[in-house]
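Novice: have a look at this fold, sequence not included:
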């Protein structure tokens, strides 16, 4: 891992960031453990948002690192288009059990926006299958 400052910062345009200000005074994180990041200067920074809600168990947890290392060593990716991996089905069963079978199926996505996009497509397909394909209006909350 490169723990020094990059040669150039011009190629990467960061989302939700004032890029000019950031690149004039960058805050670069190089590692993390538990609930702390470490920056390029070796300072610890409390991760108060759990990596923007991606690491609720903390960073570099040994059991999680071991499980990920084992799985990636076996199979790093299995497409879900006409193929699958037994672990995906086992996890879906576990999620169904965890929720008391309140839902009919598990559908994996990679992000919140992808989940919303898929949910809208499923809702439209549902209405089309019921013979109500003209139902295309969506009701949402402003800034929701």
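Specialist: All right, it came through fine. As the structure is a computational prediction, the values presented were derived from the model and not from experiment.
Novice: what comes into contact with the strand or helix carrying residue 64?
Specialist: Element membership for residue 64, per DSSP states H and E: helix 62-74. The contact list for helix 62-74 (Cβ atoms under 8 Å, 6 or more residues apart in numbering) reads 57, 87. All C-beta spots, glycine's among them, are computed from the backbone N, C-alpha and C.
Novice: make it 7 Å
Specialist: The contact list for helix 62-74, computed with Cβ atoms under 7 Å, 6 or more residues apart in numbering, reads residue 57.
Novice: what average pLDDT does that helix get?
Specialist: Averaged over helix 62-74, pLDDT sits at 95.
Novice: likewise for stretch 92-99?
Specialist: On average, stretch 92-99 scores 97.
Novice: now it: buried residues?
Specialist: By 16 or more other Cβ atoms under 10 Å, stretch 92-99 has no buried positions at all.
Novice: equivalent analysis for stretch 29-41, please.
Specialist: 32, 35, 37, 38, 40.
Novice: name the helix or strand for residue 123, please.
Specialist: Residue 123 belongs to helix 112-129 when assigned by DSSP H and E.
Novice: now the strands for this protein?
Specialist: With DSSP state E as the criterion, the chain has strands at 29-33, 36-39, 44-46.
Novice: ok, the first one: who's next to it in the sheet?
Specialist: If you go by DSSP bridges, strand 29-33 pairs up with strand 36-39 (antiparallel).
Novice: which outside residues touch the partner strand?
Specialist: Applying Cβ under 7 Å, 6+ apart, the contact partners of strand 36-39 are 27, 28, 29, 30, 31, 32, 44, 45, 46, 47.
Novice: so what's the second one closest to, chain neighbours aside?
Specialist: Read that as residue 28. Excluding the flanking residues, the one nearest residue 28 by Cβ to Cβ, 6 or more residues apart in numbering is residue 40, at 4.6 Å.
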